[in-house]
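K.L.:
Any chance you could fold what I've pasted below:
(one chain, ligands or ions: 2)
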Amino acid sequence: MKTQVCIIGAGPAGLLLGHLLRAEGVDCVVLERKDPDYILSRIRAGVLETITVKLMERLGLDDRMKKEGIWHDGFNLADGERLIRVDMAELVNKRVMVYGQTEITRDLMDACDDRDLQVEYEADDVALHDVDSDAPCVTYYKDGAEHRVDCRFIAGCDGFHGPSRKAVPASVGKEYERVYPFGWLGILADVPPCNHELIYANHERGFALASMRSETRSRYYVDVPLTEKVEGWSDERLWDELAVRLGPEAAASMTRGPSLEKSIAPLRSYVFAPMRHGSLMLCGDSAHIVPPTGAKGLNLAASDVHYAANALIGFFTASSNEGIVAYSDTALARVWKSERFSWSLTRLMHRFPEDGEFERAMQVAELDYIASSRAAQTSIAENYVGLPV
Ligand code: FAS
Ligand code: PHB
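P.N.:
Numbering: from 1, shown residues only. Ligands and ions are numbered 1, 2, ... in the order given. All right, here's what the predicted structure looks like:
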């Protein structure tokens, strides 16, 4: 097969990029190792920044999101004493959309046939070749046969564990990483949310987050030591812990119910640079990971795709190399600012094992400052809704 762009990975990054390229007549194919049901079964992000909403609008795939999603003007930080509301709409005149990553991915998947976006699912042993040439290729196995895709560019949208990042020579790539000493235990349940907006809580027993997918489906998290196993957490134990950490007011309006999904996700901050090497462009989790505290992971994938799509469209429709050459620096400039925000909010809202009384006092003082400072709340608001692209 010969195409202009071979996209590896049919998560949000790969499908968003594929649709944006096809909408401008750029030939591409998406190679995905799993099947659609597996991808949709993974419960992940819940909050969309402006850039992600705008890309779905640009594709004309925002109908269901606008019908079923929920615009949120603000969110809350709880310090065990009070709720500190960050009023994004008032402070920075922007909002976030609460609409699950699963639904974004479903909308993108459902549009592939009508929009002539070819996705090869269950593509095994995907391998990248000659990425530092102008004629790279990708091989994979499917239905017992080897297949080859000759292309001009490869877009590595294959997540943190995919092969693309590893195709960049060790002498070229540089990694930056912080692994956190806890994970997030999440529960999805068909119960109404305890609050109409998100609540991030720093309680003496640990972190908790009250989120949602709709007015009838809730998503909650607590942080747990990395030694914990999800089997050790019955629904009842988790609901009890959430009630304590979110505080009496939230607990009083919390509705319990059987878990539809329950899992523990590790937390890390990670950046790989450069995000382009030769004809290989990395987008999304293949190049960076953020702790979910700032709701940035999916949204950073979207801003990478915004830059990569415009660069590739410029290359193929206007013979301009400018966006391609600038891609890595442009994407990384936004990545690093989101990494900083996600790291700082994680630092503020979690109890680290190595923390002493001084570090706890710093958290209390910072939350107290945020509660009393419009400037501090404005800074948090502009980062949470997403910095400009
Ligand atoms: P993805 O990982 O979503 O997609 C990569 C795709 O590439 C997958 O479909 C994979 O099967 C495929 N792939 C991998 N290897 C391949 C190979 N060898 N060949 C072919 N295909 C291959 N972000 C938030 O903003 N908020 C959250 O609450 C949140 N929670 C998360 C919870 C978990 C457990 C995880 C893992 C991540 C979470 N994230 C969250 C981050 C997450 O939403 C990512 O940022 C988002 O999925 C990034 O999208 P992609 O870059 O497309 O990567
Ligand atoms: C979620 O709803 O899954 C969610 C929301 C906000 C976050 C992390 C996860 O910061």
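
K.L.:
So residue 363 sits against residue 202, correct?
P.N.:
Yes - look at residue 363 against residue 202 with CB atoms under 8 Å: they come within range, at 6.3 Å. All C-beta atoms are positioned from the backbone trio N, CA, C, and that covers glycine.

K.L.:
Same drill for these two, tell me which one is more crowded.
P.N.:
Between residue 363 and residue 202, counting by other CB atoms under 10 Å, residue 202 is the more crowded of the two (22 against 18).

K.L.:
The more buried one belongs to a helix, doesn't it?
P.N.:
No - counting by DSSP: H, G, I helix; E, B strand; the rest coil, residue 202 is not part of a helix but strand.

K.L.:
List the beta-bridge partners for it.
P.N.:
Listed by DSSP bridges, the beta-bridge partners for residue 202 are residue 207.

K.L.:
From ligand 2, how far out is it?
P.N.:
Here residue 202 is placed at a distance of 14 Å from ligand 2 (CB to the nearest ligand atom, to the nearest Å).

K.L.:
Residue 55 now?
P.N.:
On the measure of CB to the nearest ligand atom, residue 55 and ligand 2 end up 19 Å apart.

K.L.:
does any bit of whatever helix or strand that residue lives in sit next to ligand 1?
P.N.:
For residue 55, the enclosing helix or strand under DSSP states H and E is helix 50-58. No - with CB under 6 Å from any ligand atom as the criterion, ligand 1 is not reached by helix 50-58; the gap is at least 9.4 Å.

K.L.:
So what's the gap between that helix and the chain middle?
P.N.:
In terms of CA atoms, centre = their mean, to the nearest Å, the centre of helix 50-58 is found 14 Å from the chain centre.

K.L.:
The residue of the stretch 51-200 of the chain found nearest ligand 2: neighbour count?
P.N.:
Using CB to the nearest ligand atom, residue 198 is the residue of the stretch 51-200 of the chain that sits closest to ligand 2, at 5.9 Å. Neighbours of residue 198 under the rule other CB under 10 Å: 23.

K.L.:
Check residue 178 too.
P.N.:
Counted with other CB under 10 Å, residue 178 comes out at 14.

K.L.:
check contacts around it.
P.N.:
268-270, 343 (CB atoms under 8 Å, 6 or more residues apart in numbering).

K.L.:
For these, give me TSV that also has pLDDT and neighbour count.
P.N.:
Below are the contacts of residue 178 laid out as TSV (pLDDT from 0 to 100; neighbours: other CB atoms under 10 Å):
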residue	pLDDT	neighbour count
268	98	14
269	98	18
270	98	17
343	98	17
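
K.L.:
So which of those is the closest to ligand 1?
P.N.:
Closest to ligand 1, out of all of those and judged by CB to the nearest ligand atom, is residue 268, at 10.1 Å.

K.L.:
So which residues on the protein come close to ligand 2?
P.N.:
So far as CB under 6 Å from any ligand atom goes, the chain lies against ligand 2 at 45-47, 198, 211, 219, 292-293, 295.

K.L.:
give me that answer again for 8 Å
P.N.:
When proximity is defined as CB under 8 Å from any ligand atom, the chain approaches ligand 2 at 43-47, 98, 100, 184, 186, 198, 200, 209, 211-213, 219, 221, 292-296.

K.L.:
Cool, thanks, talk later.
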